[in-house]
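Model the following, please.
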Amino acid sequence: MNILILGGTVFLGRALVEDARRRGHTLTLFNRGQTNGGLFPDVETLYGNRDGALEALQGCRWDAVIDTCGYVPRVVRQSVNLLARSVGQYVFISSISVYADTSQPGMTEDQPTAQLEVEIVDETNSAYYGPFKAQCEQVVQSGLPGRALIVRPGLLVGPHDQTDRFTYWPHRIAQGGEVLAPGRPERPIQFIDVRDLAAWILNQVENQQNGVFNVASPSGWATMDSLLQACIQVIQSNASLTWASDDFLMQQSVGEWIELPLWLSESDPTIAGFLRFDVSRALARGLTLRPVEGTIRDTLNWAKTWSNNHAWQAGMNRAREKDLLNVFTRGYFAY
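Have a look, this model is predicted:
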């Protein structure tokens, strides 16, 4: 197949290109050429800017386009308008964050998405990430009715993840010693190896399948404890886990999701279903997941290639972790 990828050099885009090349597809990338330039010298790359500089895409045709980096509805509309007659299928990478209400576990793709009641001028404000993605979905679906595949991934993990939200845990466990573990050990979590998501997306493209899909591990497939125990086993680390309660972490102003990745306090009923979405529709379309041990091993091996001055985007500073463990063991009980 002849596939256009908007992006193609960062994380999911990179995984899509690597898998699509193995499958023998003909690829074209469209990006600004500012990130990982020369990563795929054998793949045709068209340069431009998706906000107002799409001229390089004119006059070409593809079987499908995979939009890995659409965030602002106004910008996505430009590529949709240009490509509607040039592609057979438009694959839009959205997010599990599009839902208006995440208070109930087991939410399906049919639940209402978040809407903006007023026009937002600040397009860079991350607070509007979910509603913006929801509007982008609508732009794609209205521009290519019956030809849109809307993918709503959960947390993407694995090698080349620039967010560090998963990488922190294998790295921290590899350092050993007493590890501050967040919340209830049995708390379910959801994520998906970026390579598994890429494979599933390409399967859908090859079979010309459209629709809307939550794509992540099934609810209950992993817990915070099972993830950290798997890290210990894979790495053969001497790390020991000290489980600090939500109440303690909140009282100590520990940042959810970023400072302690994958942790969201269960005291907030509005997000009780956030890491427990229904993914049965994607499973029915052939979604498969590699064992988490492989993701841990590959992610840690990739992290070992970093320089010592790596600027972490997520995770807890060791000095702060030590201070919190000292406070916790003096006055609180673990789970």
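
Tell me where the stretch 51-200 of the chain has helices.
Under the criterion DSSP state H, counting those that start in this stretch, the stretch 51-200 of the chain contains helices at 73-83, 129-143, 168-175, 194-206.

my read: residue 103 touches residue 271, true?
Yes. With contact defined as C-beta atoms under 8 Å, residue 103 reaches residue 271; the gap is 7.2 Å. Quick note: C-beta positions are derived from backbone N, CA and C, even for glycine.

Pick out whichever of the two has more residues nearby.
Neighbour count, other C-beta atoms under 10 Å: between residue 103 and residue 271, residue 271 has more, with 17 against 13.

who's in contact with the more buried one?
102-103, 264 (C-beta atoms under 8 Å, 6 or more residues apart in numbering).

How much space separates it from residue 246?
Going from residue 271 to residue 246 by C-beta to C-beta, to the nearest Å gives 12 Å.

Equivalent analysis for residue 153, please.
26 Å.

These two: which has the busier surroundings?
residue 153 (24 against 20).

Where does the record place the domain boundaries for this protein?
2-153, 168-189+219-275+291-331 (automatic domain parsing).

Quick one: mean pLDDT over the longest one.
So the one you mean is domain 2-153. The average pLDDT within domain 2-153 is 95.

Check stretch 206-215 too.
Mean pLDDT, stretch 206-215: 98.

List the contacts of it.
The list of residues contacting stretch 206-215 from outside it, by C-beta under 8 Å, 6+ apart, reads 1, 23, 88-89, 96, 107-109, 137, 146-154, 192, 197, 200, 204, 277-279, 281-282, 285, 287.

Minimum distance to residue 159: which of the helices of the stretch 51-200 of the chain has it?
helix 194-206 (7.9 Å; C-beta to C-beta).

Which neighbours in the sheet does whatever helix or strand comes next after the closest one have, and how are they oriented?
As assigned by DSSP states H and E, the chain's next helix or strand after helix 194-206 is strand 211-215. The strands beside strand 211-215 in its sheet (DSSP bridges) come out as strand 148-153 (parallel).

so the strand it pairs with versus helix 73-83, what angle?
Angle of strand 148-153 versus helix 73-83, following axes from the mean of the first three to the mean of the last three C-alpha atoms, to 10 degrees, is 140 degrees.

Let me know the angle separating strand 148-153 from helix 129-143.
160 degrees.

Check which helix or strand residue 305 maps to.
Under DSSP H and E, no helix or strand contains residue 305.

Could you give the separation of stretch 219-234 from the chain centroid?
18 Å (C-alpha atoms, centre = their mean, to the nearest Å).

residues of it that come out buried?
By 16 or more other C-beta atoms under 10 Å, the buried positions in stretch 219-234 come out as 219, 221-222, 224-228, 230-232, 234.

just checking, which of the residues you listed belong to helices?
224-228, 230-232, 234 (DSSP state H).

mind giving me JSON lines with those and columns for distance to residue 16?
Converted to JSON lines, those look like this (distance: C-beta to C-beta, whole Å):
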{"residue": "224", "distance to residue 16": "29"}
{"residue": "225", "distance to residue 16": "32"}
{"residue": "226", "distance to residue 16": "28"}
{"residue": "227", "distance to residue 16": "25"}
{"residue": "228", "distance to residue 16": "30"}
{"residue": "230", "distance to residue 16": "26"}
{"residue": "231", "distance to residue 16": "27"}
{"residue": "232", "distance to residue 16": "32"}
{"residue": "234", "distance to residue 16": "26"}
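
Out of these, the closest to residue 41 would be?
Scanning those for proximity to residue 41, where the rule is C-beta to C-beta, the winner is residue 234, at 33.7 Å.

That closest one contacts residue 293, correct?
Yes. Applying C-beta under 8 Å, one finds residue 234 in contact with residue 293, separated by 5.0 Å.

can you give me the strands for the stretch 201-335 of the chain?
211-215, 222-223, 240-244, 256-257, 260-261 (DSSP state E, counting those that start in this stretch).

strand partners of the second one, parallel vs antiparallel please.
Strands flanking strand 222-223 in the sheet, each with its direction: strand 188-189 (antiparallel) (DSSP bridges).

ditto for the last one
Sheet partners assigned to strand 260-261 using DSSP bridges are listed as strand 256-257 (parallel).

At the geometric centre of the chain, which residue do we find?
Geometric centre of the chain, nearest residue: residue 156, 3.1 Å, by C-alpha atoms, centre = their mean.

which strand residues sit across from that residue in the sheet?
On the basis of DSSP bridges, residue 156 is bridged to residue 192.
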